[in-house]
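A.B. asks: coords below, sequence missing:
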């Protein structure tokens with residue numbers, strides 16, 4: 001079984017910074033893409049940023065230039081550095097691992113973390 005555990009969510013003032021971390025545990029052979037999604041109250045979950053095992057990145061337009069995603073493949077860990085935070089960044093942030101290959105699991109699958117709350121006050 002593969003688990004994703006996020007950390008780093010907090011209450012921060014507008015203009016501040018936070019760093020989210022997500023570690024995948026279990027007998028993992030490989031993970032293609034890892035990423036961060038967020039869901040604000042009353043809104044759909046949306047992609048914030050993603051990174052492949054090769055280092056290619058993708059960002060939502062709303063966070064470009066402010067957020068940076070990075071990854072440690074050896075530790076199956078993904079990070080999200082969030083700078084210049086805005087109140088509209090307030091949401092539950094979910095870690096995602098896509099195309100995961102793990103012992104005891106047939107084929108590739110997707111895994112989600114439980115979420116971490118980020119609140120930006122104005």
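C.D. replies: Received, thanks. Worth saying up front: this structure is predicted, and the values here are computed from it rather than measured.

A.B. asks: would you list every one of the strands in the protein?
C.D. replies: 3-7, 11-13, 18-25, 28-39, 46-52, 57-59, 67-72, 77-82, 91-102, 109-112, 116-121 (DSSP state E).

A.B. asks: Please identify the deepest-packed of the ones you listed.
C.D. replies: When these are scored by mean count of other CB atoms under 10 Å, the highest mean neighbour count falls to strand 77-82 (a mean of 22). Where you see a C-beta, it was placed from the backbone N, CA and C, and this is true even at glycine.

A.B. asks: beta partners for the most centrally placed residue in the chain?
C.D. replies: Among the residues of the chain, the one closest to the centroid is residue 36, at 2.6 Å (CA atoms, centre = their mean). Beta-bridge pairing of residue 36 under DSSP bridges involves residue 49, residue 95.

A.B. asks: Tell me the confidence at it?
C.D. replies: Predicted confidence (pLDDT) for residue 36: 98.

A.B. asks: now swap in the one 4 residues further on and tell me
C.D. replies: For residue 40, the pLDDT comes out at 97.
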